[in-house]
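Engineer: Below is the sequence, then the predicted model.
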Amino acid sequence: MKSQITLAVLVLLAIIGLYSSTYVVTEGEQAFITRFGKIQGLSDLDGNQTEQEEKPYIKTAGLHFKMPFVDKERRFEKRILDWDGPRIEVTTKDKRFIAIDTYARWKISDPIVFFRKVKDEVYAQSRLDDILNSATRNAVSRHDLVEVVRSDPKQINEQLLKFEIGRDKISVGIQSEAKVKMNEYGIELLDFQFKRINYAPQVQSEIFKRMIAERKKIAEGFRSKGLGDAAEIEGKKLRLLDSIDSNATRSEMEIQGRADAEAAKIYAEAYAQSPESEEFYKFIKTMETYKMTLSEKDLLILSTKSEFFNFLKEMKPTPAAPK
């Protein structure tokens, strides 16, 4: 009975020892072993890695072994990690008070250095906050607002301020400055970008008022130019209408003159053919003249010597129709 219990205890201890002597590294992890707090695989007396020495941490996924009970595996992410920075308020070179949101991508490039100086990812986030926020403040304070907001200095028009360094170059400068400092912590900074840039809440209302005033000024300029163009077009239209009217009047007078000449020619030919026609023409013209000059209310007094009276006297009355 005692032998069976002893065997069971030994089997249990063997299972526990086997379980504690193995560990699994996944595809997204990298790890190394520490024994009593010291990293295993480093040969110098201070526990530092020599230049020729192969890095002692493990990047290969799978089952690995360690000394049970005295060794402890330290696991770290091998994948790219996110950093979403807190909103910071910065004053630009041209004294604009703005609020900036930033983000970055990073990874643990050297787990041993990372373990010694940072310990874990939580503390690494605080170090990223300090380094990136400080680099962002320094970079933004050295540039005007238009350089922080806009990216391409070539895509500008007459209404926008000109600049030489855009937002993309500022981001690259911040990344280069912070990357050197992060290498000391075993961190590789892969990317840094501005996520949102806005005016600080306390100055937004004043900025918006100024923007509205500037847009109104620009709109007034467009409006004034439009009124000037409209007046110029109206003047051209009136000049064109006067020219058309003048040409039409001249054409009308020319046509009227040719018609009168043609009519006079026809009358002259008719007079030459019959003397009675000339008398009849005089009578008709006289009647037309009276018709144009007299109305129903006018009273006409004729002398016995007038031509019209002579016409009336020579007219024979028409015999009345039989009843």
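Structural biologist: Cool, the structure landed. Numbers count the residues shown, from 1 in each chain.
Engineer: now the helices: where do they sit in the protein?
Structural biologist: 2-20, 111-117, 121-141, 145-149, 167-183, 201-273, 275-293, 307-314 (DSSP state H).
Engineer: export these to TSV and tack on mean pLDDT, distance to Phe194 and mean neighbour count?
Structural biologist: From N, CA and C alone the C-beta is placed, and that goes for glycine too. Below are the helices of the chain laid out as TSV (pLDDT from 0 to 100; distance: least, C-beta to C-beta, whole Å; neighbours: other C-beta atoms under 10 Å):
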stretch	mean pLDDT	distance to Phe194	mean neighbour count
helix 2-20	68	49	10
helix 111-117	87	27	18
helix 121-141	91	8	17
helix 145-149	83	8	20
helix 167-183	91	6	17
helix 201-273	84	18	10
helix 275-293	69	90	11
helix 307-314	63	105	11
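Engineer: can you tell which of the ones you listed is closest to Lys95?
Structural biologist: helix 145-149 (9.1 Å; C-beta to C-beta).
Engineer: Dump that closest one to PDB, restricted to CA.
Structural biologist: C-alpha atoms of helix 145-149 as PDB (Å, rounded to 0.1, in the frame of the first residue of the first chain):
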ATOM      1  CA  LEU A 145      -0.300  76.700 -38.200                       C
ATOM      2  CA  VAL A 146      -0.600  76.500 -42.000                       C
ATOM      3  CA  GLU A 147       2.400  74.200 -42.100                       C
ATOM      4  CA  VAL A 148       0.900  71.900 -39.400                       C
ATOM      5  CA  VAL A 149      -2.500  71.800 -41.200                       C
END
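Engineer: Work out the gap between that helix and the centre of the chain.
Structural biologist: Relative to its parent chain, helix 145-149 has a centroid offset of 15 Å by C-alpha atoms, centre = their mean, to the nearest Å.
Engineer: and the helices of the chain as JSON lines, adding distance to Leu190?
Structural biologist: Shown next, in JSON lines, are these (distance: least, C-beta to C-beta, whole Å):
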{"stretch": "helix 2-20", "distance to Leu190": "36"}
{"stretch": "helix 111-117", "distance to Leu190": "15"}
{"stretch": "helix 121-141", "distance to Leu190": "12"}
{"stretch": "helix 145-149", "distance to Leu190": "22"}
{"stretch": "helix 167-183", "distance to Leu190": "9"}
{"stretch": "helix 201-273", "distance to Leu190": "32"}
{"stretch": "helix 275-293", "distance to Leu190": "103"}
{"stretch": "helix 307-314", "distance to Leu190": "117"}
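Engineer: quick one: average pLDDT of stretch 26-40?
Structural biologist: Stretch 26-40 shows a mean pLDDT of 79.
Engineer: send the alpha carbons of that stretch over as PDB?
Structural biologist: Provided in PDB are the C-alpha atoms of stretch 26-40 (Å, rounded to 0.1, in the frame of the first residue of the first chain):
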ATOM      1  CA  THR A  26       2.700  31.500 -30.000                       C
ATOM      2  CA  GLU A  27       3.200  33.100 -33.400                       C
ATOM      3  CA  GLY A  28       2.700  36.600 -32.100                       C
ATOM      4  CA  GLU A  29       5.100  36.300 -29.100                       C
ATOM      5  CA  GLN A  30       8.800  36.300 -28.400                       C
ATOM      6  CA  ALA A  31      10.300  35.200 -25.100                       C
ATOM      7  CA  PHE A  32      13.400  34.500 -23.100                       C
ATOM      8  CA  ILE A  33      14.200  32.700 -19.800                       C
ATOM      9  CA  THR A  34      15.200  34.300 -16.500                       C
ATOM     10  CA  ARG A  35      16.700  32.300 -13.600                       C
ATOM     11  CA  PHE A  36      16.400  34.100 -10.200                       C
ATOM     12  CA  GLY A  37      15.800  37.300 -12.100                       C
ATOM     13  CA  LYS A  38      18.900  37.000 -14.400                       C
ATOM     14  CA  ILE A  39      18.500  36.500 -18.100                       C
ATOM     15  CA  GLN A  40      19.800  33.200 -19.300                       C
END
